[in-house]
Every structure is written in C-alpha cells, then in structure tokens.
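[1] my questions concern the predicted model and sequence given below.
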There are 2 protein chains.
Amino acid sequence: MADEVLFEFLHMEIMSYVCEEPITREDTEKVRGTGLSTLEGMGFRVGQGLIERFTKDSPTFKDDLDIMKFLCKEFWSSIFRKQIDNLRTNHQGTYVLQDNKFSLLTSISSGKQHLEEAPKYLAYSCGLLRGALSTLGLESVVTADVSLMPSCKFQIVIQKV
Amino acid sequence: MADEVLFEFLHMEIMSYVCEEPITREDTEKVRGTGLSTLEGMGFRVGQGLIERFTKDSPTFKDDLDIMKFLCKEFWSSIFRKQIDNLRTNHQGTYVLQDNKFSLLTSISSGKQHLEEAPKYLAYSCGLLRGALSTLGLESVVTADVSLMPSCKFQIVIQKV
C-alpha cells in the first residue's frame, strides 16, 4: 500500500508543472486560468474513476444528501485520510463541505500567509468532487474557498437538468 | 489511507498531459523526448522525498547492494504494493531489477501489443529509483526495458565519482 505522502508529493509535482510561472506579466492571468482548469480536469477524470471503484459494492443512494454524506465520509477519507468536518445544505441543491485541516494545504502554510497560492492547491480536489458526482448522475459546479489555512470550504451547486 | 488506484489514476493523468499528442510528425520525436524527461524529473523529486521519509528510522546501509535490497523490498512495495521479483548485479555497479507484473503496465496490456507505448509508462518510475538513490548518496543512470508486458526490467548503473 502506498505511503500516504506518495499522493501528496505527486500532486505537488503536477501542480507546479501545470501552473508553471508565466513568462510575461500579461500572461499571468491567462496561464493561471488554463493551469487551474487543467488541474480541475485531471481531478474530474480521477474522481470519476475512483467513485466507480468505491461504489461498486455499495447499495444505491436514497437521495442527493445521501450521496453527499458518502462523499464526505468514505470518498474523502479514502483520498485524504480524514472525513469532511462539516456538511451544510440549503436543501435546494447547494452543499458546503468544510475541511478544517485539508491535507493538501497543510504542507504550505497556516494562517493567512500565501493565501493567494491556495486556488492551485484546490483545483484538483474540486475536480475530484465534480467527477464523482457526475458518475453518480449529478452535474454540478464545485468551487473552493479558503479564508484561513489549512481550513477550506468546497461549495457544490447541483445543476438541475 | 488512499485507495490503491488513486496513485495509478493520477499517474495516468499526468502521463497523458505531459506526453500530449504532437501536432506535426516532425515534432513527434522532440515532444516524446521532452515529455519523458519531464516525467523522469517528476519521479526523481518524488523519489527523493519518499526515500527521506522511508529511511528516517532505518539503520544505515552496509553497502550499495544493501541499498538495492531496500529499494527492491520496502521502497518498491510501498509504492507498487509488491516487491521486485528479481535482483541481479555484475558486482561492478550495474544492477538489474525485474518486476514480472509491474502495476503501471498491467492497466494497458499484456503481451507485445502497445509495446511502443511502454517508455512513457516507465519514465516516472525510473525517476523514482534515480531520486531515491541520489538521496542515499549514489548518482546513477536508470533505464527501463520491456520485452513482454506487464513484465519489465530496470537497469541501474551507478556512476563512480
């Protein structure tokens, strides 16, 4: 079984490769956007693959909330070795998943330092959630928000079709 | 703890991203070479990080062969969930590590089909070995060779300094 840092080290490598420093200042925004969406896309495909494995022996889910609970517990702890700490919903298709100590952020910093770096540490994981939901039949928009590292919130808005 | 496929899925994503299809035929060789060396470099840095964690409580090694045995057993099985099947050496600084069922190859094919695709599935792992050896004080050249998938051989040549 892989040592727990294997995934984190590999994630770090991809992140720096995909989000390479832009050459000119004008490129900054463009490169940043493309890099984040590439990472999100990788996460999406990995999330699809993982959830297929994780749910192959699971009973079907009762409703959307039941799916979210599965993601917060089994799915999250298989990847990040801890559960989501808090799950909230407005019961209208919006869910907020809070991780008080998100493992991909603990390596960089605590507090408010390097806060502007946070998005690239989160894009892949937003993709993981969106990919998992997509395989379970829910199209969604997933964003992440950090105000004090290493805590972060993932907001999921289910798209009604 | 991460599910065993997490690493494999993520590796697959990086591989396809880094070794994107070239646009023109003339680009093929150039793109292939750059992609492989990028993957090898990522593996190198991850290998350095991993071996540091793995050996922090280990006794020091007697000699180079002792290091190789550690890589074949503990190091390899932490990453790929099985040991190297066969270790050979000419006792002059060359080592051949054979894995009869290398996990990153089992996903693509058995036999001789897709053999030309094999190098990009192996570059990252060559880097892992070279990185680990480098942190343990041994500079090396690591290459991989596949004649019948999913079996493969890693050849390590220690560089005397």
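    Done, it's in.
[2] list the contacts for the residue nearest to the spatial centre of chain A?
    Nearest to the centroid of the C-alpha atoms of chain A, with distances taken as C-alpha atoms, centre = their mean, sits residue A:125, at 1.9 Å. Contacts for residue A:125 were tallied using C-beta atoms under 8 Å, 6 or more residues apart in numbering or on different chains; they are A:43, A:102, A:104, A:144, A:154. The way it works is simple: take the backbone N, C-alpha and C, and place the C-beta from them, glycine included.
[3] next one, pLDDT for it please.
    Looking at residue A:125, its pLDDT reads 95.
[4] can you name the element that comes right after the host helix or strand of it?
    Using DSSP states H and E, residue A:125 falls within helix A:118-135. With elements assigned by DSSP H and E, the helix or strand that comes after helix A:118-135 is strand A:140-145.
[5] tell me the strands beside the helix or strand that that next one is followed by, with direction?
    Per DSSP H and E, the first helix or strand lying C-terminal to strand A:140-145 is strand A:152-158. Note on strand A:152-158: by DSSP bridges, its sheet partners are strand A:94-99 (antiparallel), strand A:140-145 (antiparallel).
[6] so which of these is the most surrounded?
    Greatest average neighbour count among the strands paired with strand A:152-158 goes to strand A:94-99 (a mean of 19), per mean count of other C-beta atoms under 10 Å in any protein chain shown.
[7] give the buried residues for the helix or strand following it.
    With elements assigned by DSSP H and E, the helix or strand that comes after strand A:94-99 is helix A:103-106. For helix A:103-106, burial by neighbour count (16 or more other C-beta atoms under 10 Å in any protein chain shown) applies to A:103, A:104, A:105.
[8] any stretches of chain A with poor pLDDT?
    A:1-4, A:21-32, A:111 (pLDDT under 70).
[9] how about the residues of it by chain B?
    Within chain A, the positions lying close to chain B (C-beta under 8 Å from any C-beta of the partner chain) are A:1-7, A:9-11, A:13-14, A:17-18, A:38, A:42, A:45-46, A:49-50, A:53-54, A:78-79, A:81.
[10] can I have the buried ones of those residues as a ChimeraX selection?
    This is how ChimeraX selects the buried members of these, with burial counted by 16+ other C-beta under 10 Å:
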select /A:2,3,5,6,7,9,10,11,13,14,17,18,38,42,45,46,49,50,54,78,79
